[in-house]
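**Student:** The sequence and its predicted three-dimensional model are supplied below.
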Amino acid sequence: MKYRIIVSFLLAVVINSCGPSKASIAKSELALLIAKQNKGKEIFENNCAKCHKLYDPKSYSIQAWQPILKKMQFQARLQDADMDKIIAYLSKN
């Protein structure tokens, strides 16, 4: 009986260790978020500066940015995916 418990435990440990670690998943998610924020900054700077001066992202809270972004998305003809990136960038600051 002890033998079966020990073997079952060791088998569970081996199977669990075969998957990706939580740290590696967190690092890859962080890398994706940083890439999204960087692309958002690029879109923000390239599209918004065409018509007016750029506001410092820290000028407004993300809640205050929401109605501004909604209005400007239509005027700048930006896709929802681009807006998600801009929001990720503005949320960072």
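**Tutor:** Thanks, I have the structure now.

**Student:** got a list of what the closest residue in space to residue 47 that isn't next to it in sequence touches?
**Tutor:** Excluding its sequence neighbours, the residue lying closest to residue 47 (Cβ to Cβ, 6 or more residues apart in numbering) is residue 76, at 5.0 Å. Bear in mind the C-beta positions are built from the backbone N, C-alpha and C, glycine included. Going by Cβ atoms under 8 Å, 6 or more residues apart in numbering, residue 76 touches 47-48, 50-51.

**Student:** now these: which count as buried?
**Tutor:** Buried by 16 or more other Cβ atoms under 10 Å: 47-48, out of these.

**Student:** Check what pLDDT the residue nearest to residue 47 gets.
**Tutor:** We have a pLDDT of 91 for residue 76.

**Student:** The one 3 residues further on now?
**Tutor:** Looking at residue 79, its pLDDT reads 96.

**Student:** Tabulate the contacts of residue 76 (CSV), appending secondary structure.
**Tutor:** Below are these laid out as CSV (DSSP: H, G, I helix; E, B strand; the rest coil):
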residue, secondary structure
47, helix
48, helix
50, coil
51, coil
